[in-house]
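S.K.: compute the structure for the input listed below.
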Amino acid sequence: MTDGSKAKASKAKVDVRRVILLVLALLAIGAGLLFSLVEGLESGRAFAAASMLRVGVVLFALWLALPSLRTPMAWLPPGLAALCLVAIMALAAQPKLILVLAPAAGMLLTLGWLVRSFRAARRR
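M.R.: Predicted coordinates for the structure are as follows:
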């Protein structure tokens with residue numbers, strides 16, 4: 001093997017995390033569609049179908065965004081991507097949680113900004 005062919009082979013490697021996300025997204029969407037077609041307990045079945053479809057769509061969106069999430073922007077606080085991901089997953093399952101998650105996320109972002117600004121002031 002030459003160096004050029006090794007470089008091409010290493011570029012062709014598949015990111016396993018991205019494949020797992022796609023599989024989980026498709027499984028969640030498939031389960032949501034299956035729950036919506038099966039007859040049974042109406043309220044529980046409807047909740048399960050809606051939740052699985054929402055989670056599947058969020059995972060699919062994450063699958064699409066994963067390459068850009070691996071290189072976050074310089075202004076993005078380190079934990080913000082993880083915080084947003086957890087909040088989106090919680091909102092996908094229970095949309096009424098936005099009344100709790102929005103203020104909590106705002107407080108955590110403000111606290112993170114304050115800690116970073118104090119650390120930057122101490123380094124100067």
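
S.K.: which ones are touching the spatially most central residue of the chain?
M.R.: Relative to the mean C-alpha position of the chain, the nearest C-alpha, by Cα atoms, centre = their mean, is the one of Leu85, at 3.9 Å. Residues near Leu85 by Cβ atoms under 8 Å, 6 or more residues apart in numbering: Leu62. For the C-beta atoms, the positions are set from N, CA and C on the backbone; glycine is no exception.

S.K.: quick one: which helix or strand includes it?
M.R.: Counting by DSSP states H and E, the element that carries Leu85 is helix 80-93.

S.K.: let me see the mean pLDDT of that helix.
M.R.: In this model, helix 80-93 has a mean pLDDT of 78.

S.K.: how far off centre is that helix?
M.R.: Remark: helix 80-93 is offset 6 Å from the chain centroid, using Cα atoms, centre = their mean, to the nearest Å.

S.K.: put the alpha carbons of that helix into PDB.
M.R.: Extracted in PDB, the C-alpha atoms of helix 80-93 (Å, rounded to 0.1, in the frame of the first residue of the first chain):
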ATOM      1  CA  LEU A  80     -23.800  24.400  26.100                       C
ATOM      2  CA  ALA A  81     -24.000  21.800  23.400                       C
ATOM      3  CA  ALA A  82     -24.600  19.000  25.900                       C
ATOM      4  CA  LEU A  83     -27.100  21.100  27.900                       C
ATOM      5  CA  CYS A  84     -29.100  21.900  24.700                       C
ATOM      6  CA  LEU A  85     -29.000  18.200  23.700                       C
ATOM      7  CA  VAL A  86     -30.400  17.100  27.000                       C
ATOM      8  CA  ALA A  87     -33.000  19.900  27.000                       C
ATOM      9  CA  ILE A  88     -34.100  19.000  23.500                       C
ATOM     10  CA  MET A  89     -34.500  15.300  24.400                       C
ATOM     11  CA  ALA A  90     -36.500  16.200  27.500                       C
ATOM     12  CA  LEU A  91     -38.700  18.600  25.500                       C
ATOM     13  CA  ALA A  92     -39.300  15.900  22.800                       C
ATOM     14  CA  ALA A  93     -40.700  13.600  25.400                       C
END
